[in-house]
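> fold the following.
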Amino acid sequence: MADSDDAPKPSWGDYQKQIYASFERPALSTDVRVLEQQAKERLAPEPYNYVWGSAGQGRTNAANLAAFDRYRIVPNMLVPANNRSTKVTLFGQEHAAPVILAPIGVQGICHKDGEEASARGAANVGVTYTMSSASTRSIEDVADASGDSSRWYQLYWPKSNEVLQSVLERAQKAGFSVLVVTLDTMQLGWRPLDIDRAYLPFLQGVGSAVGFSDPAFMKQQGMEQHLGKSAKDIPSDDLLPLSINNLGEFNSGLYRSWDDLKLIKSIWKGPIVLKGIQTLADAHRAIDYGMDGIVVSNHGGRQVDGAMASLDALAIIGQDSRVRDKLTVLFDSGIRTGSDVFKALALGAQAVLLGRPYMYGLTLAGEAGVEHVIRCVLADLELTMALTGHETLADISRASLDDAHTRPSRL
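This is a model prediction of the structure:
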């Protein structure tokens, strides 16, 4: 019999108990597949396709999801995992759980409160929010919505060094502690669902709030009179050229080299994470160039059709001793459930970035929807740990997974 000190303490999994104890159906489904379908029914085709869609025929996104089925969790019985902990330390800061909200742009197309609702939802649960350069709210507005909660800033690398410096200085001043530099989206991939409807929200000034509120960018455009205005408040004669130039500034098609990272390092005084790493060689280069972390990611399958599954890349990168010793390894692309989080941790990630699911929650219920999705994922993770005999994240390892069923029979 367990001692009283070993009695279960409050945990993420209690969210399940709270729902049962209410004797009422939850306002939103706890099944991400249902949320996805409901979001599709709620949104017009253009914004839904923009969030849900992928590059080309969607093969990379499909591979991301299928990869999780190739690994099965190994349960251990009679392990007294009563006092489970999902705490993890990233870049010197303790996090309550190994889940961070991924940077997703143009959230205003899904809900009127956009990124501010997502930031508040994350803060309510104590989870870090990552702001996208393509947000429909300014850096300062998102910071205000986050309050005292942890927040990271994701950079789409501007064409102008003056704009780069201005944006990074604004983000640091606003309390964003970690910089996430996206490497795989110097220009948009081939996305038929958006192209067939000629739908690119940036051309309407949607997702341009960072640029429109940046003094260096607006001065460069000779549009200081519109500094800080939203797209709806800028005259149409100025809005289209300004929107085109904003898109060209942050998604210019100008490809960078590893040496160009030195400029970012000279400006940003804090941890820098490279998002979009898919090879061990690039992970080693990140170490050589003094980076603090990487996100093993293929942008959720939105950039290159037919690319390898991100989880398969993690299975290689996350087991490398040099990488594990020198870098904080994060993961995204395909996370849908708590058991997915578990598998990514077992393959070497220290935390994951959750993307599309919280956008479905945002679409359906704003701040409350984002909070609900996070709580569901964390409850699932914590219960998975309990049911398989893993008391802490440190207990989760490559030995926690079995992929023997994917190997051909030798008989």
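
> wait, what's in contact with the most centrally placed residue in the chain?
Taking C-alpha atoms, centre = their mean, the centroid of the chain lies closest to Ala102, which sits 1.4 Å from it. Ala102 makes contact with Thr130, Asp332, Leu353, Leu354, Gly355 under the criterion C-beta atoms under 8 Å, 6 or more residues apart in numbering. Where C-beta positions appear, they are placed from N, C-alpha and C, glycine not excepted.

> which one of those sits closest to Ala27?
Nearest to Ala27 among the contacts of Ala102, counting by C-beta to C-beta, is Leu354 at 19.8 Å.

> what's the neighbour count on that closest one?
By other C-beta atoms under 10 Å, 26 other residues sit near Leu354.

> so where do the strands sit in this protein?
Assigned by DSSP state E, the chain shows strands spanning 72-73, 88-90, 93-95, 99-101, 129-131, 151-155, 178-182, 272-277, 293-296, 328-331, 351-354, 401-402.

> for Asn82, give me the pLDDT.
Note for Asn82: predicted pLDDT of 89.

> try the one 4 residues further on
The predicted structure scores Thr86 at 97 on the pLDDT scale.

> my guess is it meets Ala96, correct?
Yes. Applying C-beta atoms under 8 Å, one finds Thr86 in contact with Ala96, separated by 6.8 Å.

> so where's the stretch 301-411 of the chain shaky on pLDDT?
404-411 (pLDDT under 70).

> ok, and the closest non-adjacent residue to Ala96?
Ranked by C-beta to C-beta, 6 or more residues apart in numbering and with sequence neighbours excluded, the top spatial neighbour of Ala96 is Gly126, at 4.6 Å.

> contacts only, for Ser11.
So Ser11 contacts Arg84, Glu382 (C-beta under 8 Å, 6+ apart).

> measure it to Lys87 for me?
Distance, Ser11 to Lys87, using C-beta to C-beta, to the nearest Å: 12 Å.

> what does Glu224 give?
46 Å.

> quickly note the distance from the closest residue to Gly205 other than its chain neighbours to Gly108.
Distances taken as C-beta to C-beta, 6+ apart place Ala231 nearest to Gly205, at 2.8 Å, with adjacent residues excluded. Taking C-beta to C-beta as the measure, Ala231 falls 10 Å from Gly108.

> with Ser297 instead?
Applying C-beta to C-beta to Ser297 and Gly108 gives a distance of 23 Å.

> so who does the closest residue to Glu94 other than its chain neighbours touch?
Distances taken as C-beta to C-beta, 6+ apart place Lys87 nearest to Glu94, at 6.0 Å, with adjacent residues excluded. Lys87 is in contact with Glu94, His95, Ala96, Ala97, Thr392, Leu393, counting by C-beta under 8 Å, 6+ apart.

> with Ser132 instead?
Ser132 makes contact with Pro103, Ile104, Gly105, Glu115, Gln154, Tyr156, according to C-beta under 8 Å, 6+ apart.

> can we see that at 10 Å?
102-107, 115, 142, 153-156, 180, 182, 207, 210 (C-beta atoms under 10 Å, 6 or more residues apart in numbering).

> for it, what are phi and psi?
The phi/psi pair for Ser132 (degrees, to the nearest 10) reads phi -90, psi 150.

> likewise for the one 3 residues further on?
When read as degrees, to the nearest 10, the backbone of Ser135 gives phi -70, psi 160.

> my guess is it contacts Ala117. True?
No. Using C-beta atoms under 10 Å, Ser135 is not in contact with Ala117; the gap is 11.8 Å.

> more neighbours, the two?
Ser135 (28 against 25).

> quick one: contacts for the spatially closest residue to the more buried one that is not a sequence neighbour?
Spatial nearest neighbour of Ser135, excluding adjacent residues (C-beta to C-beta, 6+ apart): Glu115 at 4.7 Å. By C-beta under 10 Å, 6+ apart, Glu115 lies in contact with 101, 103-108, 129, 131-132, 134-138, 141-142, 145-146, 207, 209, 362.

> give me the buried subset of those residues.
Among the contacts of Glu115, the ones that count as buried by 16 or more other C-beta atoms under 10 Å are 101, 103-108, 129, 131-132, 134-138, 141-142, 145-146, 207, 209, 362.

> list the contacts of the closest residue to Pro45 other than its chain neighbours.
Once flanking residues are discounted, Pro45 sits nearest to Arg197: 6.9 Å by C-beta to C-beta, 6+ apart. Arg197 is in contact with Ala44, Pro45, Glu46, Asn49, Tyr50, counting by C-beta under 10 Å, 6+ apart.

> list the buried residues in the longest helix anywhere in the chain.
When the chain is parsed with DSSP state H, its longest helix is helix 356-387. Neighbour-count burial for helix 356-387, counted by 16+ other C-beta under 10 Å, picks out 356-386.

> with stretch 152-165 instead?
Applying a neighbour-count criterion of 16+ other C-beta under 10 Å, one finds Trp152, Tyr153, Gln154, Leu155, Tyr156, Trp157, Pro158, Lys159, Val163, Leu164, Gln165 buried in stretch 152-165.

> using TSV, lay out the residues you listed together with pLDDT and distance to Ser252.
Compiled in TSV, these are given as follows (pLDDT from 0 to 100; distance: C-beta to C-beta, whole Å):
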residue	pLDDT	distance to Ser252
Trp152	98	23
Tyr153	98	19
Gln154	98	16
Leu155	98	13
Tyr156	97	9
Trp157	96	8
Pro158	97	8
Lys159	96	4
Val163	98	11
Leu164	98	12
Gln165	98	16
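
> and which of these is nearest Ser266?
Ser266 lies nearest to Gln165 out of the buried residues of stretch 152-165, by C-beta to C-beta, at 9.2 Å.
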